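**Student:** With the sequence up front, the predicted model follows.
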Amino acid sequence: MEYPGNLFVVAAPSGAGKSSLVKALLELDSKLDVSISHTSRAPRGQEQHGREYWFTSVAEFRAMAERGEFFEWAEVHSNLYGTSRAAIEARMAHGDDVVLEIDFQGALQIKQLFPYAVLIFILPPSWEELEQRLNRRGDTDPAVIHQRMSNARIEVAQAQKFDFVVVNAVFDTAVFDLKSIVHAQRLKYAAQRRNRSAVFRALELP
Ligand SMILES: Nc1nc2c(ncn2[C@@H]2O[C@H](COP(=O)(O)OP(=O)(O)O)[C@@H](O)[C@H]2O)c(=O)[nH]1
Ligand SMILES: Nc1ncnc2c1ncn2[C@@H]1O[C@H](COP(=O)(O)OP(=O)(O)O)[C@@H](O)[C@H]1O
């Protein structure tokens, strides 16, 4: 499948800083839109239906999957998560750049469907720091943190399948790295599509 516009996929073990980084990136880049996923998990803290996620029941989620309404979906930490076609198709068809904040299983499914998608994996600087960030966020109980830390080992092993790896040690540096990847992809895309910009014409390039 191919649409105009770029598709970025950001994955990371829980607590690595993915949501905070993507939020900062969106604030810097008005041409980038994030996709709102569906999930069967319960809302956390201040989360709102339609803002962080579309919160659904397991039955509703499974019915959507059976009707083929997801580009990808996966079970993560015992809950279901998916990217609905409705969430991104119109925007991509319109030529907008879209970022998906999803797990590695979903990222690899997206790469199959959209080979031009740019897959970015966020790593924490250390296991200790990852655990501290999960604790510091303060909205997850200790048993859940334990589950996320053991899942993190499996998730991090997938980083090598991604196009880029960004280590989120210093937050602003990681945001800058993400911004550079987005920028580089836009330049590459423009060149590949022989986007006849004013510069191409002025230089009489073929
Ligand atoms: N495959 C897939 N994974 C998703 C989707 N939405 C969120 N996730 C992932 O599900 C995992 C759990 O997300 P969440 O419950 O918000 O917890 P957090 O990672 O602690 O912020 C994260 O790895 C998300 O990237 C989706 O639409 N598809
Ligand atoms: N570079 C960083 N240094 C210190 N703390 C960070 C950094 N990046 C994110 N955090 C903090 O770590 C916690 C987890 O970040 P979050 O964006 O919720 O992670 P994720 O979406 O990957 O689960 C949050 O409290 C966030 O403010």
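**Tutor:** That came through fine. Ligands and ions are numbered 1, 2, ... in the order given.
**Student:** and whichever residue of the chain sits closest to ligand 1, what does it touch?
**Tutor:** Proximity to ligand 1, evaluated over the chain using Cβ to the nearest ligand atom, is greatest for G106 at 2.4 Å. (Each C-beta comes from the backbone N, C-alpha and C, glycine too.) In this structure, G106 makes contact with V9, A11, E72, W73, A74, Y81, G82, T83, L100, judged by Cβ atoms under 8 Å, 6 or more residues apart in numbering.
**Student:** ok, now A12?
**Tutor:** For A12, the residues meeting the contact criterion (Cβ under 8 Å, 6+ apart) are K18, F121, I122, L123, P124, E155, N168.
**Student:** Now that the third one has come up, it's in contact with F164, right?
**Tutor:** Read that as I122. No. Applying Cβ atoms under 8 Å as the test, I122 and F164 come out as separate, 9.6 Å apart.
**Student:** re the thing from before, and of the contacts of A12, the nearest to Q185?
**Tutor:** Taking Cβ to Cβ as the measure, F121 is the one of those closest to Q185, at 15.3 Å.
**Student:** Then the closest one would be within a strand, right?
**Tutor:** Yes. Under DSSP: H, G, I helix; E, B strand; the rest coil, F121 falls within a strand.
**Student:** Against ligand 2, how distant is it?
**Tutor:** Plainly put, F121 is 11 Å away from ligand 2 if you go by Cβ to the nearest ligand atom, to the nearest Å.
**Student:** Please name the bridge partners of that residue.
**Tutor:** Here F121 sits in beta bridges with A11, V165, going by DSSP bridges.
**Student:** Could you report the neighbour count for it?
**Tutor:** By the other Cβ atoms under 10 Å criterion, the neighbourhood of F121 contains 25 residues.
**Student:** Could you do Y189 as well?
**Tutor:** The local packing count at Y189 equals 16, with neighbours defined by other Cβ under 10 Å.
**Student:** Report pLDDT for the residue nearest to D103 when sequence neighbours are not counted.
**Tutor:** Leaving aside its sequence neighbours, D103 sits nearest to V76 (Cβ to Cβ, 6 or more residues apart in numbering; 4.7 Å). Taken from the predicted model, the pLDDT recorded for V76 is 92.
**Student:** Equivalent analysis for A191, please.
**Tutor:** Per-residue confidence for A191 comes out at a pLDDT of 78.
**Student:** Over to E72?
**Tutor:** The predicted local confidence for E72 comes out at a pLDDT of 97.
**Student:** Assign it to helix, strand or coil.
**Tutor:** On the three-state scheme (three-state DSSP), E72 is labelled strand.
**Student:** how about the nearest residue to it once chain neighbours are set aside, what does it touch?
**Tutor:** Taking Cβ to Cβ, 6+ apart, and ignoring the residues beside it in sequence, E72 has Q109 as its nearest neighbour in space, at 3.7 Å. Residues in contact with Q109, defined by Cβ under 8 Å, 6+ apart, are F71, E72, A74.
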